[in-house]
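J.: fold the following, please.
(chains A and B)
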Amino acid sequence: MRCLGPARPRLANARFGDLATARNKGSYMATTKTTTTPLVRDLRRLLGTKRVLYAPADLLVYECDGFTIEKNRPDAVVFPQSTEEVAEIVLICNRHDVPIVARGAGTSLAGGCLPIEGGVVVMLTQMKRVVEVNTADRYAVVEAGTPNVLLDRALVGTGLHYAPDPSSATASTIGGNVATNAGGPHTLKYGVTANHVIGLEAVAADGSILRIGPAEEPPGLDLIGLIVGSEGTLAIVTKIWIKLTPNPDSFRTMRAVFESVDDATNAISDIIGAGIVPAAMELMDRGILDAVEEAFEFGFPADAEAIVVIEVDGPAAGLDRQQEQIIDFCNKHRAREVLQAATAEERTLLWKCRKLAVGAVGRLSPSYIIQDGVVPRTQLPRILRRISEISKKHDVRIVNVAHAGDGNVHPILLFDERDRDQVDRVLQASRELLSECIDCGGSVTAEHGVGVEKLHFMDRLFTSADLDAMRRVREAFNPNACFGRGKKIPDDISSGEPGGGDRAAAI
Amino acid sequence: MLPLDDVIVPDSPQSLAEVVAACHGDGTPLYTLGGQTMLGYGVWPRRPGHGLSLEKLSGVVDYAARDLTITVGAGTPLVELDSLLAEENQRLPVDVPDRDRATVGGLVATNLCGPRRYRFGTMRDYVIGFSAVDGLGATFRGGGRVVKNAAGYNMTRLMTGSLGTLGVLTEVTLMVRPMAETTAMLAADLPSLDLAAKLLAELPASKTLPAAVELLLGDVWSQQSGLEPWPPETTARLIVAFEDADPDVRWMVEQLESQWSKAGVRVMQRVGNEDAESLWKNLATTIPPGAATADNTHCVVQVGVPPGSTVDIAARLKQIDPGVAIQAHAGNGVVRGRLTAEAARLRAMLVDEIRPATEMAGGHAVVLSAPPEAELDVGGVWGPPPSGMSIMRSIKDRFDPKHLLNPGRFVFG
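T.: Numbering: from 1, shown residues only, chains lettered A, B, ... in the order given. Coordinates of the predicted model:
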């Protein structure tokens, strides 16, 4: 194993189950005297006082992202407004030998924004300009901190859209999409973020600025391809050229109601196997429907075991036939009914139900973990059956949403974090269902990323030679290890049983 | 031609790894050989070494047809892949000349593709997993067999288009697509490039979703059979192709025909499924990208610019070399030109005229093939070092520290 530079002392991490303690620690620290360090002084010299946070109370929010099980406080949080400022920040951090974590909206679910060794969190949220919308060449240029929703708004009336549609789109940023290679329901037809990024501006570990694209086929290695999905561990992306997709001429949005999850997954598998590529094919099981119905009162049948939202899009001329084929497959698998959204409002509401489904789960239980597994599409019936068995075995309630057409499942495990026994069972169940994804020939993350959460699965998915190849890539980008140590791929601070096994438990 | 002392033909990935390890030990260069259709791509190498043939690493490893994924040996000829996929009504929609010889591994290594990239993307969008042997002889894999995967770095992207300089591919997993039901092509012969620019700019308003948008200039197309020859007053030919479900294609053809006739353009051709294959084949081979033959007298240059600059850069190329034949993947801003300039003048033409023009348009130009007498070096073929070159070098040094894999051919020199 290569050494990634001197190991930095880790600040005390909040241990799992100590979430309350972590919060208290913050407020306690806030009352203590704050001293400016040489690092903070350099950062303030660059950015002024308002764009550098270092008082412990101000740093609380930045201790974790959507993965709240492990937390750590950064030394400082900075708010650059330009690529050049980001480059200067990297130089300052290198001078002080502190690690750097880039952060957008913090909606990531795998700990990608966790300042695992402290250091400086680079907030990109003040870099949120839509710099250019080029309708002729069908691309847009955005700063990394641009929220998806702002971009969507800027595109209204152009007849074009940005295809990746993560469910967090109301808050998440395009830079965050790039970091995790985010997907969403419509990736089935339109692909993930990587299929839509045509150019990048990014700050490398030595503070130099990379500008690649947007013209196609630049000579050399595909650095864009590597940086997209690298979870901030190779470079800090500051500006993105994204491909825009023409809005479809027409849609048909259907919901198919099934008496069993098995029937639903078999129908999905048949549709894909027959070579039909809907724009989206989303499964919700009965558990999640309960929560959705309570929240939005859409009118889903109360006794349905599964609903599949299927959308086809394209020229209106071809939609009737596609729709008929899909209905035939649903009926073959005993669908109780297949209803088409009659109005644009109904379609909007149907998608709202799907996209806010995870949030609605808050009504069912005090805490939940959303998982992100992926299997070959034909294995969908098997994985959902196994999830149901695992749920029974560990007495953990699991509800399911899935980007079913891609084989991407999002089981949501419900629990009460105050009950240590429940927590243990949830962690055990999570581990088993992700292991099952691997056994099905799949992977432990399709679109949320590895972060720190999934690290301990990496040596099950990959051989040590495979991981060594990835480490070589990281070293090439990042020889001083200033970005993302302890994340994405196992290294000297993350492999083995980090945190005395707590990291492994923190699924 | 490659400076080969001999050709080694390993019969398994393991024996291939042993060969590479041995060459790493004694510092002997290795030139990977697939279908040998692209030997002229890259800088003409000088260091003598072994050829490393992948012909025995051929055939299907696993075809999960209902998952729309397939794993094959890197030496598998595309024609074999095509016929396997066709049995399940599936395909890999990437255009390549010489499908009977070109191999899957070679296609991944070069990442060259043709007209259908507009709708269906490039090899980067289809490679979801691989197995390879690095320059030290170590076997490693990347990706997996699922269509969406965020575990680890996107190593498939790194390998795709790296011209075999980071590792020798032994196995590739591809995502494939259902066969399109119907194909149609519309062609318009245009008296001026201005009209071409106008039609291209109006294309999005037609609401159609073409599979390919091709602009052809010069005598190249008339030399290829398949469509009728150009009338004398023609400056350029625009071809828009559709591949989709039958009702969609019919609707899109109507839309575009109506748009073009409003613009006063007569639609020259309309082709159904019967002729589609030969037409695609012609479009894929109009300007063969990297052929290395003894009579390789032409230089083929590929320019990448923002799509809106396609017509301008094509016109500029024609100014620079009046005899140039151009095939532009106009929707992508990828313009291939077969130059007529003599070998002795090529270098100056590239450095003083073509590259400044493309850089001004926000793009770049690489040479896909050139006569050996032109003696183009790394800068001549690949242009000035791209952004991130030091990172690229650093990756190269970690995967092939002695620079033995396809040495001299790629951007590393």
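
J.: mind listing what the closest residue to chain A within the stretch 101-250 of chain B touches?
T.: Relative to chain A, the nearest point of the stretch 101-250 of chain B is B:Arg157 (2.6 Å; Cβ to the nearest Cβ). Bear in mind the C-beta positions are built from the backbone N, C-alpha and C, glycine included. Residues near B:Arg157 by Cβ atoms under 8 Å, 6 or more residues apart in numbering or on different chains: A:194, A:222, A:224-226, B:124, B:127.

J.: need the pLDDT of the spatially closest residue to it that is not a sequence neighbour.
T.: Once flanking residues are discounted, B:Arg157 sits nearest to A:Gly225: 2.6 Å by Cβ to Cβ, 6 or more residues apart in numbering or on different chains. With respect to pLDDT, A:Gly225 scores 97.

J.: from A:Asn72, how far off is B:Ser12?
T.: Distance of B:Ser12 to A:Asn72, given as Cβ to Cβ, to the nearest Å: 48 Å.

J.: okay, those two: which has more neighbours?
T.: A:Asn72 (21 against 12; other Cβ atoms under 10 Å in any protein chain shown).

J.: touching, that one and A:Gly118? I think so.
T.: Yes - under the criterion of Cβ atoms under 8 Å, A:Asn72 makes contact with A:Gly118 at 6.5 Å.

J.: can you tell me the residue of chain A closest to chain B?
T.: A:Gly225 (2.6 Å).

J.: sec struct for that residue, please.
T.: Under DSSP: H, G, I helix; E, B strand; the rest coil, the three-state class of A:Gly225 is helix.

J.: show me where the stretch 201-350 of chain A has its strands.
T.: A:209-212, A:236-243, A:245-246, A:250-258, A:280-285, A:306-314, A:337-340 (DSSP state E, counting those that start in this stretch).

J.: of those strands, which is nearest A:Ala102?
T.: strand A:236-243 (4.6 Å; Cβ to Cβ).

J.: what's the closest one packed up against?
T.: helix A:83-96, strand A:100-103, strand A:139-143, helix A:174-180, strand A:197-203 (3 or more Cβ pairs under 8 Å, 6 or more residues apart in numbering or on different chains; DSSP states H and E).

J.: got the residues of the stretch 201-350 of chain B near chain A?
T.: Applying Cβ under 8 Å from any Cβ of the partner chain, we find that the stretch 201-350 of chain B lies next to chain A at B:201, B:204, B:207-209, B:244-248, B:250-252, B:302, B:304-308, B:332-334.

J.: show the buried residues in those residues.
T.: B:204, B:207-209, B:244-245, B:247-248, B:250-252, B:302, B:304-308, B:332-334 (16 or more other Cβ atoms under 10 Å in any protein chain shown).

J.: show me which of the contacts of B:Arg157 are buried.
T.: A:194, A:222, A:224-226, B:124, B:127.

J.: need the winner for burial among the helices and strands packed on strand A:236-243.
T.: When you average the neighbours per residue for each of the helices and strands packed on strand A:236-243 (mean count of other Cβ atoms under 10 Å in any protein chain shown), helix A:174-180 leads with a mean of 30.

J.: how about residues contacting that helix?
T.: A:102, A:104-105, A:107-108, A:110, A:112, A:124, A:142-148, A:151, A:162, A:164, A:166, A:182, A:193, A:197, A:200, A:227-232, A:237-238, A:240, A:242, A:447-449, B:150.

J.: derive a PyMOL selection command for the buried subset of these.
T.: Command for PyMOL that selects the buried part of those, burial taken from 16+ other Cβ under 10 Å:
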select buried, (chain A and resi 102+104+105+107+108+110+112+124+142+143+144+145+146+147+148+151+162+164+166+182+193+197+200+227+228+229+230+231+232+237+238+240+242+447+448+449) or (chain B and resi 150)
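
J.: neighbours of A:Asp285, just the number please.
T.: Neighbour tally, A:Asp285, other Cβ under 10 Å: 25.

J.: my error: substitute A:Glu345 in the last question.
T.: 9.

J.: ok, residue 394 - contacts?
T.: As the question left the chain open, I've gone with chain A. Contacts of A:His394 by Cβ under 8 Å, 6+ apart are A:425-426, A:428-429, A:432.

J.: not what I meant, chain B
T.: B:Ser394 neighbours (Cβ under 8 Å, 6+ apart): A:475-477, A:479.

J.: is A:Val121 in contact with A:Val101, as I believe?
T.: Yes - the pair A:Val121 / A:Val101 is scored as a contact, 5.0 Å apart, by Cβ under 8 Å.

J.: name the SS class of B:Leu256, please.
T.: Here B:Leu256 is recorded as helix under three-state DSSP.

J.: give me the neighbour count for it.
T.: Using other Cβ under 10 Å, B:Leu256 has 23 other residues around it.

J.: which residues does it contact?
T.: B:Leu256 makes contact with B:186, B:203, B:206, B:208, B:240, according to Cβ under 8 Å, 6+ apart.

J.: mind doing that once more with 10 Å?
T.: By Cβ atoms under 10 Å, 6 or more residues apart in numbering or on different chains, B:Leu256 lies in contact with B:184, B:186, B:188, B:199, B:202-203, B:206-208, B:210, B:240, B:242, B:267.

J.: how close does it get to A:Asn408?
T.: From B:Leu256 to A:Asn408 the distance is 36 Å (Cβ to Cβ).

J.: quick one: contacts for A:Gly225?
T.: The contact partners of A:Gly225, taken as Cβ under 10 Å, 6+ apart, are A:181, A:194, A:197, B:124, B:153-161.

J.: so which of the residues you listed is the closest to A:Leu380?
T.: Nearest to A:Leu380 among the contacts of A:Gly225: A:Asn181, at 21.3 Å, using Cβ to Cβ.

J.: which non-adjacent residue is nearest the closest one?
T.: Closest to A:Asn181 by Cβ to Cβ, 6+ apart is A:Gly229, at 3.3 Å.

J.: which residues does that neighbour contact?
T.: A:177-182, A:192-194, A:197, A:447, A:449-450, A:488, B:149-154, B:157.

J.: shared neighbours of A:Val121 and A:Val101, anything?
T.: With Cβ under 10 Å, 6+ apart, A:Val121 and A:Val101 have common neighbours A:62, A:74, A:77, A:113-115.

J.: okay if I get those residues as CSV plus pLDDT, neighbour count and secondary structure?
T.: Listed next are the shared contacts of A:Val121 and A:Val101 as CSV, based on pLDDT from 0 to 100; neighbours: other Cβ atoms under 10 Å in any protein chain shown; DSSP: H, G, I helix; E, B strand; the rest coil:
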residue, pLDDT, neighbour count, secondary structure
A:Tyr62, 95, 22, helix
A:Pro74, 97, 27, coil
A:Val77, 98, 22, strand
A:Cys113, 92, 29, coil
A:Leu114, 93, 28, coil
A:Pro115, 94, 25, coil
